[in-house]
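In: Please work out how this folds:
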Amino acid sequence: MGKGVGAVIPEHKIQEVLERVDLVGLIGRHVELKKAGREWKGRCPFHQEKTPSFYVVPEKRFYFCHGCRASGDAVSFVQRYLGKTFVDAVKDLAQELGIDVQGEEDPGVRERQRVKEATDFAAEHFRALLWQQDEGRAARAYVASRGVSEETAMAFGLGWAPNQWTLLADRLQKQGMLEWGHQAGLVTPRNTGDGYIDFFRGRLVIPIRSPEGRSIAFGGRLVGSDDGPKYLNSRESRIYNKSETLFGMNQARDEIHKRKAAILVEGYFDCIGLYQVGVKNSVALCSTNLTPGHLQVLRRVEAKRLFLLLDGDKAGLAAVERLAGPLLAAGADARVALLPQGDDPDTFARREGLEGVERLLESAQPLTTHLFHSVLPDGTRSPFEEKMAALDRLKPMVAQVPPGLIRRDLFEALASWFGWTAAVVDESLRNLRPKPGATTP
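Out: Residues are numbered from 1 along each chain as shown. Sure, this is the predicted structure:
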């Protein structure tokens with residue numbers, strides 16, 4: 001694990017190191033860099049190349065290789081290039097900068113860093129196996145069948161977990177990381193006897209990354225077998241909270257910031273497929289629910305508008321109703337773009353390309369317009385019974401909107417569509433009895 005693993009470094013100290021380090025100077029010790037506009041360019045130190053495709057972007061404090069897709073910050077460069085652990089890399093840089101990181105003990109932070117290291121180790125383990133000529137062949141064929149290029153697969157760090165019981169567990173044990181691998185949800189205790197088995201087996205592995213690009217969890221898609229659920233996801237850990245994580249945010253962050261808009265999809269491959277055709281501001285949920293935490297992440301990257309890009313079937317329509325509550329509660333500028341029947345964002349993007357996706361987004365309806373048309377297509381002309389049934393469908397969404405200006409505006413819009421007054425809508429919603437067994441969020 002390296003000499004520094006017993007020590008602990010608080011998050012604010014790590015941030016101080018990253019903010020103060022001269023990234024160009026650090027990387028320039030090992031790579032010949034030349035100025036290219038606001039960036040620096042050189043030959044990648046992590047793979048053999050004749051034409052320079054390795055860039056250092058000092059403004060954003062990261063490096064990136066267009067060839068092998070290596071990327072990260074100053075700490076990850078030292079880890080990767082000099083073979084250091086995360087803790088040792090931070091300590092070495094801190095020492096050069098005169099930042100004192102010794103002696104600040106916090107067991108919670110220490111555990112978090114160890115879980116991070118085990119997750120980093122697993123991400124590289126899976127990634128390397130995908131590109132091994134024989135071992136990764138079936139997984140690479142599956143990736144190609146989904147229309148994903150090698151370049152895109154590398155950009156998203158896709159990997160392969162062979163159908164073996166203890167491949168990763170054995171490697172983690174050799175590294176002294178087995179307990180942290182368990183805490184990260186990478187291995188699970190055997191049902192009988194001692195020891196651990198790999199959590200992901202026989203699956204294409206999709207890293208779930210933090211907005212900064214560090215792997216924090218994984219999704220696994222079953223390949224070549226029907227034995228088990230199609231998708232399996234990491235459980236939550238010290239570094240992974242589903243309610244605050246959006247898949248693809250590290251890839252989409254700059255484009256969302258530029259366009260002031262994000263596209264929300266439900267599947268990892270939807271996000272990957274959109275990225276490949278040039279739609280680079282899409283993110284996917286890692287769970288079925290949209291939370292205030294997700295909306296906070298989007299606010300931080302200045303997403304003023306959110307497009308829900310969903311299947312045009314019953315499941316897609318139900319998804320809009322499931323996601324609507326938190327969006328209405330936040331007063332978000334949300335638009336709904338429904339795909340043609342039988343399409344998902346991935347297949348639509350591959351067939352119609354960037355222009356087709358942009359046309360679809362241009363025709364997106366405001367969320368309330370879509371909801372009102374869905375639950376009560378004939379509006380004021382609808383019979384009373386239909387209006388009550390429509391309110392019944394809307395109640396779980398409206399219940400999530402707290403009293404105040406947003407709720408008042410929503411009731412006035414509802415009243416206008418129903419041909420009632422806002423007071424009657426409010427009273428009718430309160431009088432609706434929940435169905436047996438139903439729960440209101």
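
In: so where's the stretch 301-441 of the chain shaky on pLDDT?
Out: The model of the stretch 301-441 of the chain has pLDDT under 70 over residues 433-441.

In: now do 90
Out: Applying pLDDT under 90 to the stretch 301-441 of the chain flags residues 301, 311-316, 342, 428-441.

In: can you map out the helices along it?
Out: Assigned by DSSP state H, counting those that start in this stretch, the stretch 301-441 of the chain shows helices spanning 314-330, 345-362, 367-375, 384-398, 405-418, 422-431.

In: again, but for the stretch 151-300 of the chain
Out: Listed in chain order, the helices of the stretch 151-300 of the chain (DSSP H, counting those that start in this stretch) span 167-174, 178-183, 249-259, 268-276, 292-300.

In: Quick check, pLDDT for residue 48.
Out: For residue 48, the pLDDT comes out at 84.

In: go on, the one 10 residues further on?
Out: As summarised for this prediction, residue 58 has a pLDDT of 92.

In: Repeat that for the one 3 residues further on.
Out: pLDDT, residue 61: 91.

In: So it sits against residue 18, correct?
Out: Yes: in this structure, residue 61 is within contact of residue 18 by CB atoms under 8 Å, at 5.9 Å. No exception for glycine: its C-beta is placed from N, CA and C like everyone else's.

In: what is in contact with these two at once?
Out: Common contacts of residue 61 and residue 18, defined by CB atoms under 8 Å, 6 or more residues apart in numbering, comprise 73-74.

In: Just after the helix ranked longest in the chain, pick out the following helix or strand.
Out: Using DSSP state H, we find that the single longest helix of the chain is helix 107-130. Using DSSP states H and E, the helix or strand that follows helix 107-130 in sequence is helix 137-145.

In: packing partners for that next one?
Out: Under the contact definition 3 or more CB pairs under 8 Å, 6 or more residues apart in numbering; DSSP states H and E, helix 137-145 sits against helix 107-130, strand 203-209.

In: Which among the helices of the stretch 301-441 of the chain is found nearest to residue 83?
Out: helix 345-362 (37.6 Å; CB to CB).

In: hmm, who's touching the closest one?
Out: 146-147, 263, 265, 267, 269-270, 272-274, 276-279, 282, 307, 309-311, 335, 337, 339-340, 343.

In: May I see the buried residues of that helix?
Out: Using 16 or more other CB atoms under 10 Å as the test for burial, helix 345-362 gives 345-350, 352, 357, 360-361.

In: So what's the residue count around residue 420?
Out: 18 (other CB atoms under 10 Å).

In: Can you pull the poorly scored residue ranges out of the stretch 151-300 of the chain?
Out: For the stretch 151-300 of the chain, the stretches flagged by pLDDT under 90 are 192-193, 210-214, 224-228, 250, 253-254, 257, 287-288, 300.
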